[in-house]
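*Asks:* quick check, what structure comes out for this input:
(one chain, ligands or ions: 1)
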Amino acid sequence: MKILFYNHTGQVSGAERVLLMILARLDHRRFDPVVICPEEGPLLSMATSLGVPVQSLPGLDARFTWRVDRLLRYLRSFFLVIRQLRRKVIQIKPDLIHANSIRAGLVATAATLGLETRVVWHLHDILPRHPLSTGVRVLAFLCARTRMIAVSRAVAENFGGARAGLKNRITVILNAIDLERFQSNQIARQQVLDELNLGERHPVIGIVGQLTPRKGQLELIRAFAKVLAESPKAVLLVAGAPLFNRDHEYEQLLRDTSRKLGISEQVRLLGARDDVGAVMQALDLLVVNSAAEPFGLVALEGMASGTPVLAPALDGFVEMIEHGVDGWLVTPGNEAELVAAILELSRSSELRARLAQAGKKTVATRFLLDRYMSELESAYEGRGASKSKANATESTIKSGETTKFVELAEQ
Ligand code: GLC
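*Replies:* Predicted coordinates for the structure are as follows:
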């Protein structure tokens, strides 16, 4: 089966890491992949180095906005990309397009109007409240050739809402991770601690991910100032770099805020790291502080690294973490609770060890790549997957049971 993977940006964040993981693991005897993405950013060369044929297309310039002038610019960009993708589809003749975001799904669906190509939208996003969101859902619903894979039930519910017709076309396949990249490695851990000159400083608390307001680094820095008042030897590592839009200004805001709070010594901005596993292992506690998170790969990476994870009780996190068992959940946006949880966890090494151990077990039972690939390949082939381990708790959205793509091609 020939699959065209289309990604609307060449930057690599969570959705692209999942894509690269799929490309690395796809059974090449059964599936023949080709990737199409923009030239700007590292994705193109990363996919090429996996031995997958890659072609480029201009980047898609489109975001949700209320500004009409911008909307018109984005519309132009959509048309340009749609036209070029259509040409490539006609030339490549894929059996299926795996569109790796809602935006990619829109482009791929429009680019194949009048053709019979099946399109799978891989939903890694939560749609904002915006009149255009309704338009996106209507288009997805009207086009019978499309199916959706959601990275969590939260995403599926956000996209499908109460519309039964749409819900039936969404399959939840919870993300997985490549455990090998996150195996405990005491040497790598020590190297990170030495490099950062952390010596006897503890606890080492960290937040990992691109620097952007949605990830809540700013609120964590503010909360951390209160943690320091009680636990003066603590240090906060902020790993990640700005990737999109005006996020470099956010990075500056993080620096300015630490300075104003008088804690720049204790808040270390590490920038982008390619040894995320080692950084995670150097932490006593990984804090995730996102205001919304379709899935939240970072929490899974922390669990796989054997690091206890503290996360907000929302979206993807409640589907992967059981509070007090394999991680710790707090009310989103509640600073006092966050501060108290950081203090409680940093004071009890037994509690941390218990959570970390159970976290590793959770990853090993529910989030392995083999489970993921077999659910995904079943979805591509239109076979019903066996009951998914990751989706053990049932919801109204179809989970782990793949809708029949074969039927849909004939509609
Ligand atoms: C996107 C989401 C993130 C998710 C990732 C992989 O980056 O924002 O929550 O973990 O995709 O699905």
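
*Asks:* which other residues reach stretch 78-91?
*Replies:* Under the criterion C-beta atoms under 8 Å, 6 or more residues apart in numbering, residues 4, 6, 8, 36, 55, 57-58, 60, 62, 97, 106-108, 110-112, 115, 117 lie in contact with stretch 78-91. C-betas here are computed from N, CA, C, even on glycine.

*Asks:* again, only this time at 10 Å
*Replies:* The contact list for stretch 78-91 (C-beta atoms under 10 Å, 6 or more residues apart in numbering) reads 4, 6, 8, 34, 36, 38, 55-62, 94, 97, 99, 103-104, 106-115, 117, 119.

*Asks:* among those, which lie within helices?
*Replies:* Arg103, Ala104, Leu106, Val107, Ala108, Thr109, Ala110, Ala111 (DSSP state H).

*Asks:* can you put those in a markdown table and add distance to Ile90 and neighbour count?
*Replies:* Converted to a markdown table, these look like this (distance: C-beta to C-beta, whole Å; neighbours: other C-beta atoms under 10 Å):
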| residue | distance to Ile90 | neighbour count |
| --- | --- | --- |
| Arg103 | 21 | 23 |
| Ala104 | 18 | 27 |
| Leu106 | 19 | 24 |
| Val107 | 15 | 27 |
| Ala108 | 13 | 29 |
| Thr109 | 15 | 22 |
| Ala110 | 14 | 18 |
| Ala111 | 9 | 23 |
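
*Asks:* possible to save the residues you listed as TSV with pLDDT and distance to the ligand?
*Replies:* Formatted as TSV, those follow (pLDDT from 0 to 100; distance: C-beta to the nearest ligand atom, whole Å):
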residue	pLDDT	distance to the ligand
Arg103	94	12
Ala104	96	12
Leu106	94	17
Val107	95	18
Ala108	97	18
Thr109	96	20
Ala110	94	22
Ala111	97	22
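
*Asks:* picking that back up, whichever of the contacts of stretch 78-91 end up buried, select them in PyMOL.
*Replies:* Selection of buried members from those for PyMOL, criterion 16 or more other C-beta atoms under 10 Å:
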select buried, resi 4+6+8+34+36+38+57+59+60+62+94+97+99+103+104+106+107+108+109+110+111+112+117+119
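
*Asks:* just the ones in strands from the contacts of stretch 78-91, please.
*Replies:* Counting by DSSP state E, the contacts of stretch 78-91 place Leu4, Tyr6, Val34, Ile36, Gln55, Ser56, Ile97, Ala99, Val119 in strands.

*Asks:* dump the residues you listed to a markdown table, plus pLDDT.
*Replies:* Formatted as a markdown table, the ones in strands among the contacts of stretch 78-91 follow (pLDDT from 0 to 100):
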| residue | pLDDT |
| --- | --- |
| Leu4 | 98 |
| Tyr6 | 98 |
| Val34 | 98 |
| Ile36 | 98 |
| Gln55 | 98 |
| Ser56 | 96 |
| Ile97 | 98 |
| Ala99 | 98 |
| Val119 | 97 |
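
*Asks:* quick one: which two of these are the most distant?
*Replies:* Across these, no pair lies farther apart than Ser56 and Val119, at 20.1 Å, counting by C-beta to C-beta.

*Asks:* which residues touch the helix or strand where Arg268 lies?
*Replies:* Assigned by DSSP states H and E, Arg268 belongs to strand 267-271. If you take C-beta under 10 Å, 6+ apart as the criterion, strand 267-271 is touched by 192, 195-198, 204-206, 208, 211, 217, 220-221, 224-225, 228, 235-242, 251, 254-255, 257-259, 261, 279.

*Asks:* now the buried members of those.
*Replies:* So, of the contacts of strand 267-271, 192, 196, 204-206, 208, 211, 217, 220-221, 224-225, 228, 235-242, 251, 254, 257-258, 261, 279 end up buried under the neighbour-count rule (16+ other C-beta under 10 Å).

*Asks:* cross these against helices and list the overlap.
*Replies:* Using DSSP H, the buried ones among the contacts of strand 267-271 in helices are Val192, Gln217, Leu220, Ile221, Phe224, Ala225, Leu228, Glu251, Leu254, Thr257, Ser258, Val279.

*Asks:* lowest pLDDT pick from those?
*Replies:* Taken together, those show their lowest pLDDT at Val192, with 90.

*Asks:* ok, the residue in the stretch 101-250 of the chain that the ligand sits nearest to to Ala241 distance?
*Replies:* Residue of the stretch 101-250 of the chain nearest the ligand, by C-beta to the nearest ligand atom: His124 (3.5 Å). According to C-beta to C-beta, to the nearest Å, His124 stands 19 Å off from Ala241.

*Asks:* cool, Asp69 as well?
*Replies:* Distance from Asp69 to Ala241, by C-beta to C-beta: 29 Å.

*Asks:* ok, His117 - contacts?
*Replies:* No, residue 117 isn't His; it's Thr. Applying C-beta under 10 Å, 6+ apart, the residues contacting Thr117 are 4, 89-90, 92-97, 108-109, 111, 145, 409.
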